[in-house]
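Q: below are the sequence and a predicted model for it; my questions follow.
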Amino acid sequence: MSGTFQSYLQLMRLKNVLLAAVTVPLGAQFAIGDEWASEQLAEVVLQILAVVFFIGAGNTMNDIKDVAIDREAHPNRPLASGVISLDSANKFVKLLWTLSIICVVAGAYLLTTSQHSAIELIAIYVIAVTLMITYDHGPSLKNTGLKGNISISIMVGAVILYGASSVGQLWNTLVWWTAGVVFFTNLAREIIKDCADMEADKGTRQTLPMSIGLLKSRMTAYVIVMAALVCLYVPYWKGPFEFNQLIFQTPAILMLITLNKQLAIGQDHQAAGKIRVAMLLGLIGFIVPMYL
């Protein structure tokens, strides 16, 4: 394959890949605490690698599809600049998919040998593959606005569930509330990003702001943020955490509640960035009480 090692990492969009992969051990952490590090480390590491290769393959496929557009819009990307050839990129995609599937199968085997179900792990992986293909290829849901926003948000939230299923503990309630926080915050963020990009998207995508307008879209995003807050609150109301430990979520809660200021004056980029930070703070707010 042509191209340097660094250019292949750029093609995978390593930063995004690593951010997503970190969510896998978080899912395991929320499911069983830190016991996975000593008891099921191999299973979790295998699924971290599966996610790395999976997302890397998806990002590479996206660049292959958009190479003509990127030659004008993003000429420095590896394919657009010619650093990596299309033939090499296609071979790289096949390699990444092969490695990802091998990791999933190996992890599933380890789960069955430790008397855990591997069905959930495989099912989430298959659903994620289907969503990825339909988002960028298939019916190209990313061009359909809200459907695409929901699709990508399910994929993001599913990584938490995938992490829990890697240790055979998908049905832990904390895992689902955490996945809910990630899903709703990401969905709100995607809608707000569409508000910011409405002019640039004209002629290529039919987004929610194009259908119902900027004001209603921002209001919709804020309502969705409130749904994320509910998911953030319930584990302190119903357990497993104590209600007074909700204080650890104060930074995330305040950041989400005060989003209306940026949205009211149309600061969409700032609002989208604020949501991402709030989501990370919310995950940290779940982790801290587990060690107290």
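A: Arrived safely. Numbering: from 1, shown residues only.

Q: alpha carbons only for contacts and neighbour counts from here, please
A: OK.

Q: neighbours around Asn244, how many?
A: 9 (other C-alpha atoms under 10 Å).

Q: contacting residues for Ala118?
A: 108-109, 111-112, 165-166, 168 (C-alpha atoms under 8 Å, 6 or more residues apart in numbering).

Q: repeat that for Asn172.
A: Asn172 touches Ala31, counting by C-alpha under 8 Å, 6+ apart.

Q: how close does it sit to Ala196?
A: For Asn172, the distance to Ala196 (C-alpha to C-alpha, to the nearest Å) stands at 37 Å.

Q: same deal with Gln115?
A: 49 Å.

Q: please say which of the two ends up with more neighbours.
A: Ala196 (20 against 9).

Q: quick check: that one touching Ala271?
A: No. Between Ala196 and Ala271 there is no contact, the gap being 9.9 Å when judged by C-alpha atoms under 8 Å.

Q: how far does stretch 233-243 stretch from start to finish?
A: End-to-end distance of stretch 233-243 (C-alpha to C-alpha): 9 Å.

Q: tell me the mean pLDDT for that stretch?
A: Mean pLDDT, stretch 233-243: 95.

Q: what does stretch 137-149 give?
A: 83.

Q: next: stretch 61-77.
A: Rounded mean pLDDT across stretch 61-77 is 82.

Q: identify the residues contacting it?
A: Against stretch 61-77 from outside (C-alpha under 8 Å, 6+ apart): 10-11, 79-81, 86, 89-90, 93, 136.

Q: please redo it, this time with the cut-off set to 7 Å
A: 79-81, 86, 93, 136 (C-alpha atoms under 7 Å, 6 or more residues apart in numbering).

Q: list the buried residues for that stretch?
A: 61-64, 67, 70, 77 (16 or more other C-alpha atoms under 10 Å).

Q: how far does the helix or strand harbouring Asn149 sit from the chain's center?
A: Asn149 belongs to helix 146-165 when assigned by DSSP states H and E. The gap between where helix 146-165 is centred and where its chain is centred comes out at 6 Å by C-alpha atoms, centre = their mean, to the nearest Å.

Q: now do it: everything it contacts.
A: So helix 146-165 is contacted by 23-28, 31, 120-121, 124, 128, 131, 135, 141-142, 170, 175, 179-180, 182-183, 186-187, 190-191, 207-208 (C-alpha under 7 Å, 6+ apart).

Q: CA-only coordinates of that helix in PDB, if you can.
A: What follows is helix 146-165, C-alpha atoms only, in PDB (Å, rounded to 0.1, in the frame of the first residue of the first chain):
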ATOM      1  CA  LEU A 146     -33.000  14.300  11.500                       C
ATOM      2  CA  LYS A 147     -32.900  10.700  10.500                       C
ATOM      3  CA  GLY A 148     -29.200  11.000  10.000                       C
ATOM      4  CA  ASN A 149     -28.800  12.800  13.300                       C
ATOM      5  CA  ILE A 150     -30.600  10.000  15.100                       C
ATOM      6  CA  SER A 151     -28.600   7.400  13.300                       C
ATOM      7  CA  ILE A 152     -25.200   8.800  14.200                       C
ATOM      8  CA  SER A 153     -26.400   9.500  17.800                       C
ATOM      9  CA  ILE A 154     -27.500   5.800  18.200                       C
ATOM     10  CA  MET A 155     -24.000   4.800  17.100                       C
ATOM     11  CA  VAL A 156     -22.300   7.100  19.500                       C
ATOM     12  CA  GLY A 157     -24.500   6.000  22.400                       C
ATOM     13  CA  ALA A 158     -24.200   2.300  21.500                       C
ATOM     14  CA  VAL A 159     -20.400   2.400  22.200                       C
ATOM     15  CA  ILE A 160     -21.300   2.600  25.900                       C
ATOM     16  CA  LEU A 161     -23.600  -0.400  25.500                       C
ATOM     17  CA  TYR A 162     -20.900  -2.200  23.500                       C
ATOM     18  CA  GLY A 163     -18.400  -1.700  26.300                       C
ATOM     19  CA  ALA A 164     -20.900  -3.200  28.800                       C
ATOM     20  CA  SER A 165     -21.600  -6.100  26.500                       C
END
